[in-house]
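Peer 1: Here's a sequence, model it:
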Amino acid sequence: MQDVASVMRILLRHRPSAGRRLTRTAAVALALSLSSTAVLAYADLLPDRFDLGLFDDEPAPVPGSLPRVAQRIAAGESLRIVAFGSSSTEGIGASTRAASYPARLEALLRRALPQLAGDILVENRGIGGEAVDEMLARLDRDVIKPAPDLVIWQTGSNDPLRGISLTHFRTATQAAVARIREAGIDVVLMEPQWCPALDATPGADRFRDAVRDIGAELGVPVIRRSDLMRGWIAQSRLTRSELFAKDGLHMADGGYALLAEAAAAEVVRGADAAEDDPEPGPTVAE
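Peer 2: Predicted coordinates for the structure are as follows:
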């Protein structure tokens, strides 16, 4: 679960160098946006700047890193994210469009990255009810052609509900992730939610595990939403009625708010990891 202390530990993992850096202000701003004043106790522990070195020889990305996002932040350039997926991305169960996780994520990142002067856009490309084949049918239109810096792909919820083959889901998802990365777009995967409807669906947990396995195999970050949701309940951050919509499948406003926090932390984590190559080359000249 993304509590304040764990987020601060993520941000503290860095190595000083002459490369480009994520500022201390941005790190503190992200932590402050995660619903706690306790983070102030950590502020003095942060170094003045966070290194996000980028190199001329373009080494292989560190597994779990977001090199394109790191480059945009380091250069102070605009950051464009596509939130791709089904109903959890569209925001079904939220009281308003503004309460969906993509809208909340955009607001969090704008506060966390003031050096980008608000030039951060999170486009909601979620369509409720879609399984993997329907999402792949619009992959070019909604992800590849717009050429965002990052896609956060929420997937694997509807496939078990509709009897999609696990093998087909895995193969199709792997191929799509490869296409997205070949287009120079960073990828974060988001696994299915924990919810009563999926708990009652035989084999649904295998799709969650498949998303995790694909992330590990391809070196792509995975937002472990199922674990996060269980943790929010176990630690009394939300009640079940605050977490789940009445249909027992979708999230409610409280869940979407914490999901946006987890996604924001993953974006910062992935950007920070992009500079963890043990033998960096010279810094890119812009």
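
Peer 1: Heading C-terminal from the helix or strand where Pro102 lies, find the next helix or strand.
Peer 2: Following DSSP states H and E, one finds Pro102 within helix 101-112. For helix 101-112, the following helix or strand on the C-terminal side (DSSP H and E) is strand 120-126.

Peer 1: counting contacts, what elements does the helix holding Pro102 pack onto?
Peer 2: Using 3 or more CB pairs under 8 Å, 6 or more residues apart in numbering; DSSP states H and E, the elements in contact with helix 101-112 are helix 24-32, strand 79-85, helix 87-90, strand 120-126, helix 253-273. From N, CA and C alone the C-beta is placed, and that goes for glycine too.

Peer 1: of all these, which lies closest to Pro146?
Peer 2: strand 79-85 (6.4 Å; CB to CB).

Peer 1: Which other helices and strands does that closest one contact?
Peer 2: So strand 79-85, by 3+ CB pairs under 8 Å, 6+ apart, packs with helix 67-75, helix 101-112, strand 120-126, strand 150-154.

Peer 1: Mind doing that once more with 10 Å?
Peer 2: Here strand 79-85 touches helix 67-75, helix 87-90, helix 101-112, strand 120-126, strand 150-154, helix 166-182, strand 186-190, helix 253-273, going by 3 or more CB pairs under 10 Å, 6 or more residues apart in numbering; DSSP states H and E.

Peer 1: list the buried ones in the first one?
Peer 2: Along helix 67-75, these residues count as buried under the neighbour rule (16 or more other CB atoms under 10 Å): Pro67, Arg68, Val69, Ala70, Gln71, Arg72, Ile73, Ala74.

Peer 1: Spit out the contact partners of the second one.
Peer 2: Contacts of Arg68 were listed using CB atoms under 10 Å, 6 or more residues apart in numbering, and they are 61, 79, 148-150, 181, 184-187, 270-271, 274.

Peer 1: Which of these are buried? Put it as a PyMOL command.
Peer 2: Burial among the contacts of Arg68 is assessed by 16+ other CB under 10 Å; the matching PyMOL selection reads:
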select buried, resi 61+79+148+149+150+181+185+186+187+270+271+274
